[in-house]
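S.K.: based on what follows, work out the 3D shape:
(2 chains)
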2 protein chains.
Amino acid sequence: MTYCVGLKTRKGLIFMSDTRTNAGLDNISTFSKMRTWSNPGERMIVLLSAGNLATTQAVASLLEEQVRQGVDTPSLMNTGSMFQTARLVGSVVQEVIRSTAPVGQTSDAFSASFILGGQIRGETTRLFYIYPEGNFIEASTDTPFFQIGEHKYGKPILVRAYDADMSFEEALKLLLVSFDSTLKSNLSVGLPLDMQIYAADSFKPGPRDRFDRNHPYFKEISDGWSDALKSAFTRLPSLTIDFGS
Amino acid sequence: MTYCVGLKTRKGLIFMSDTRTNAGLDNISTFSKMRTWSNPGERMIVLLSAGNLATTQAVASLLEEQVRQGVDTPSLMNTGSMFQTARLVGSVVQEVIRSTAPVGQTSDAFSASFILGGQIRGETTRLFYIYPEGNFIEASTDTPFFQIGEHKYGKPILVRAYDADMSFEEALKLLLVSFDSTLKSNLSVGLPLDMQIYAADSFKPGPRDRFDRNHPYFKEISDGWSDALKSAFTRLPSLTIDFGS
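M.R.: Numbering: from 1, shown residues only, chains lettered A, B, ... in the order given. You can find the predicted model right below:
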């Protein structure tokens, strides 16, 4: 599996993805699941992927080829809006999955999901969740983040600590805590973690970082959060249980 | 779905289960998933169930009928050990699922899992996870708890805060926190929660309680844990992010 999160705040967008891919438990590799495209001053686009690696790589390669074909070919670099960008990615996803799944057979094995976010001049920042079927939904103030892959372990802290006004520093901390909970519970999600920030209205890639086991801040968060959870837990009141006679 | 946990400490066993069953999102009901049998002074047995309600009810009914048939019929009340009890339950699970699934069809829809725990005089407390196939595994000091149903949301806190020496009060708090995280993230798990304690070497049912929305201690834990998480999160250090020029 995989774990990726795209999160939208008033300050902009922040993305994080793990890098583990596996075909069975004894065949694991490291692949980045984060891709970015930018035309500084005009647009900045981030794509996170989860699912069949052949499918996600084919989708990314086709998107890249479209870009390289220049301005006359519709591509990520010349769509008129983020909505049109999501449609473009969705149609490529459809095409790849349809061409891989043999006729009449289920396409589940070739399935993949994507988080697409960014900003094109003239619009605000936008964030989309693209389904394997190629259709998609957009984040709103009610649902300001999307997760793909192993989303369950890391969801409770996102639900509780997210705040639309949080700084990028706070948002990074939140994502690292959410990923740490997932890493500690599921073997199919693995370090290092890729992080990309996009500051609203900057129209250029923001800070990017990679967090591995030895990254001092990741270690600080991972150890600190375990201790903080334990001490928060200890401070919660206990119920007196009556054991009778 | 469902969420049930059986947890083993040096003090004994503690069990918790939710009560929501659903056939689709618009057909939900409340059923207890916790059953107990005891012969005070000699044995105390707890069974938690997750999965197809028809299967779990049939398994419980067959186990009950065996008990009612008296001492000559092998039943939960006259097995020689908890291992033999797990075998008995496993064989009933096999029988029910096999008889329900039409020949040649997958039995996934009729699937069910169980947590079985308790103590029979002459043994220590024991805790088992029984699979739909009827085979089972036993908890050890390395894996001192079992979860069935929607286990992912509530696992991180169990992994981090469990301690074999914890009191029943601490263990109850831990289970309520784990269930609260699950309740907040998944609609298929619902209040009220059933709790059963078994104090080692007591050979009788320990305290039992039901926690609903208005239970003062459940409210205290649910609200308190959200606040504690947020403040623990706030106190974690932030990384200074360099946005360049």
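S.K.: and the next helix or strand past the helix or strand containing residue A:58?
M.R.: Secondary structure assignment for residue A:58, by DSSP states H and E: helix A:53-68. Using DSSP H and E, the helix or strand that follows helix A:53-68 in sequence is helix A:82-100.
S.K.: got a list of contacts for that next one?
M.R.: Residues outside helix A:82-100 that contact it (CB atoms under 8 Å, 6 or more residues apart in numbering or on different chains): A:45, A:47, A:54-55, A:58-59, A:62-63, A:66, A:74-76, A:79, A:107, A:110-112, A:114, A:116-120, A:123, A:126, A:128, A:130-136, A:138. All C-beta spots, glycine's among them, are computed from the backbone N, C-alpha and C.
S.K.: of these, which ones also sit close to chain B?
M.R.: Among the contacts of helix A:82-100, no residue lies close to chain B (CB under 8 Å from any CB of the partner chain).
S.K.: buried ones from those residues, can you make that a PyMOL selection?
M.R.: Buried residues among the contacts of helix A:82-100 (16 or more other CB atoms under 10 Å in any protein chain shown), as a PyMOL selection:
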select buried, chain A and resi 45+47+55+58+59+62+63+66+75+76+79+110+111+112+114+116+117+118+119+120+126+128+130+131+132+134+136+138
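S.K.: show me where pLDDT drops low in chain A?
M.R.: Residue ranges of chain A with pLDDT under 70: A:102-107, A:245.
S.K.: that one: strands as residue ranges?
M.R.: Taking DSSP state E as the test, the strands found in chain A are A:3-9, A:12-17, A:20-22, A:28-30, A:34-39, A:43-51, A:112-120, A:126-130, A:136-138, A:145-149, A:193-199, A:208-211.
S.K.: just send these back as a markdown table, with distance to residue B:146 too.
M.R.: As requested, the strands of chain A are arranged in a markdown table below (distance: least, CB to CB, whole Å):
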| stretch | distance to residue B:146 |
| --- | --- |
| strand A:3-9 | 24 |
| strand A:12-17 | 31 |
| strand A:20-22 | 25 |
| strand A:28-30 | 27 |
| strand A:34-39 | 36 |
| strand A:43-51 | 28 |
| strand A:112-120 | 30 |
| strand A:126-130 | 33 |
| strand A:136-138 | 36 |
| strand A:145-149 | 25 |
| strand A:193-199 | 30 |
| strand A:208-211 | 32 |
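S.K.: how about these, which one is nearest residue A:175?
M.R.: The minimum distance between residue A:175 and those falls on strand A:12-17, with 4.4 Å, by CB to CB.
S.K.: can the closest one be said to contact chain B?
M.R.: No - if you take CB under 8 Å from any CB as the test, strand A:12-17 misses chain B, and the best it gets is 9.8 Å.
S.K.: can you list contacts of that strand?
M.R.: Residues contacting strand A:12-17 (CB under 8 Å, 6+ apart): A:2-7, A:32-34, A:46, A:48-49, A:115, A:117-119, A:125, A:127, A:168, A:171-172, A:175-176, A:179, A:193-200, A:202, A:206.
S.K.: tell me which of the strands of chain A sits nearest to residue A:239.
M.R.: The closest of the strands of chain A to residue A:239 is strand A:145-149. By CB to CB, the value is 33.4 Å.
S.K.: is the closest one positioned near chain B?
M.R.: No - Strand A:145-149 lies out of reach of chain B by CB under 8 Å from any CB, never closer than 11.1 Å.
S.K.: next, the buried residues of that strand.
M.R.: Neighbour-count burial for strand A:145-149 [16+ other CB under 10 Å]: A:145, A:146, A:147, A:148, A:149.
S.K.: what's the answer for stretch A:68-78, then?
M.R.: Within stretch A:68-78, the residues that count as buried by 16+ other CB under 10 Å are A:75, A:76, A:77, A:78.
S.K.: how about the residues you listed, which pair is most distant?
M.R.: The span of these, defined through CB to CB, is set by A:76 and A:78 at 7.9 Å.
S.K.: follow-up on the earlier one: just name the closest of the buried residues of strand A:145-149 to chain B, please.
M.R.: residue A:147 (11.1 Å; CB to the nearest CB).
S.K.: wait, the closest one touches residue A:7, no?
M.R.: No - taking CB atoms under 8 Å as the definition, residue A:147 is not a contact partner of residue A:7, at 9.3 Å.
S.K.: what's the overlap in contacts for those two?
M.R.: Both residue A:147 and residue A:7 are contacted by residue A:158, under the criterion CB under 8 Å, 6+ apart.
S.K.: residue A:174 and residue B:68, how far apart?
M.R.: Distance, residue A:174 to residue B:68, by CB to CB, to the nearest Å: 55 Å.
S.K.: what residues does the helix holding residue A:58 touch?
M.R.: So helix A:53-68 is in contact with A:21, A:31, A:33, A:35, A:37, A:47, A:49-50, A:73-77, A:88-89, A:92-93, A:95-97, A:100, A:110-112, A:114, going by CB under 8 Å, 6+ apart.
S.K.: repeat that for stretch A:192-200.
M.R.: Contacts for stretch A:192-200 (CB under 8 Å, 6+ apart): A:10-19, A:30, A:32-34, A:36, A:44, A:46, A:117-119, A:124-125, A:168, A:172, A:175-176, A:179, A:205-213, A:215, A:218, B:241, B:243.
S.K.: if you set the cut-off to 7 Å instead, what comes out?
M.R.: For stretch A:192-200, the surrounding residues in contact (CB atoms under 7 Å, 6 or more residues apart in numbering or on different chains) are A:11-19, A:32, A:34, A:36, A:44, A:46, A:118-119, A:125, A:168, A:172, A:179, A:205-212, B:241, B:243.
S.K.: buried stuff in it?
M.R.: By 16+ other CB under 10 Å, the buried positions in stretch A:192-200 come out as A:192, A:193, A:194, A:195, A:196, A:197, A:198, A:199.
S.K.: greatest separation within the residues you listed: which pair is it?
M.R.: Based on CB to CB, the longest span within the buried residues of stretch A:192-200 runs between A:192 and A:199 and measures 23.0 Å.
S.K.: what pairs with residue A:197 across the strands?
M.R.: For residue A:197, the residues forming beta bridges with it (DSSP bridges) are residue A:14.
S.K.: tell me how far stretch A:118-135 is from the chain's mean position?
M.R.: With CA atoms, centre = their mean, to the nearest Å as the basis, stretch A:118-135 stands 13 Å off its chain's centre.
S.K.: which outside residues touch that stretch?
M.R.: Applying CB under 7 Å, 6+ apart, the external contacts of stretch A:118-135 come out as A:6, A:8, A:12-13, A:42-46, A:51, A:81-82, A:86, A:89-91, A:93-94, A:97, A:111-117, A:136-139, A:146, A:198, A:200, A:203.
S.K.: C-alpha coordinates for that stretch, PDB please?
M.R.: What follows is stretch A:118-135, C-alpha atoms only, in PDB (Å, rounded to 0.1, in the frame of the first residue of the first chain):
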ATOM      1  CA  GLY A 118      -2.000  23.400  -6.900                       C
ATOM      2  CA  GLN A 119      -2.900  26.700  -8.300                       C
ATOM      3  CA  ILE A 120      -3.200  28.300 -11.700                       C
ATOM      4  CA  ARG A 121      -3.100  32.100 -12.000                       C
ATOM      5  CA  GLY A 122      -6.600  33.500 -11.800                       C
ATOM      6  CA  GLU A 123      -7.800  30.900  -9.300                       C
ATOM      7  CA  THR A 124      -7.300  30.100  -5.600                       C
ATOM      8  CA  THR A 125      -5.500  27.000  -4.500                       C
ATOM      9  CA  ARG A 126      -7.500  23.800  -5.200                       C
ATOM     10  CA  LEU A 127      -7.100  20.200  -4.100                       C
ATOM     11  CA  PHE A 128      -8.700  17.100  -5.700                       C
ATOM     12  CA  TYR A 129      -9.100  13.400  -5.100                       C
ATOM     13  CA  ILE A 130      -9.100  11.500  -8.300                       C
ATOM     14  CA  TYR A 131     -10.700   8.000  -8.300                       C
ATOM     15  CA  PRO A 132      -9.500   5.000 -10.400                       C
ATOM     16  CA  GLU A 133     -12.600   5.600 -12.500                       C
ATOM     17  CA  GLY A 134     -11.200   9.000 -13.500                       C
ATOM     18  CA  ASN A 135     -13.900  11.100 -11.800                       C
END
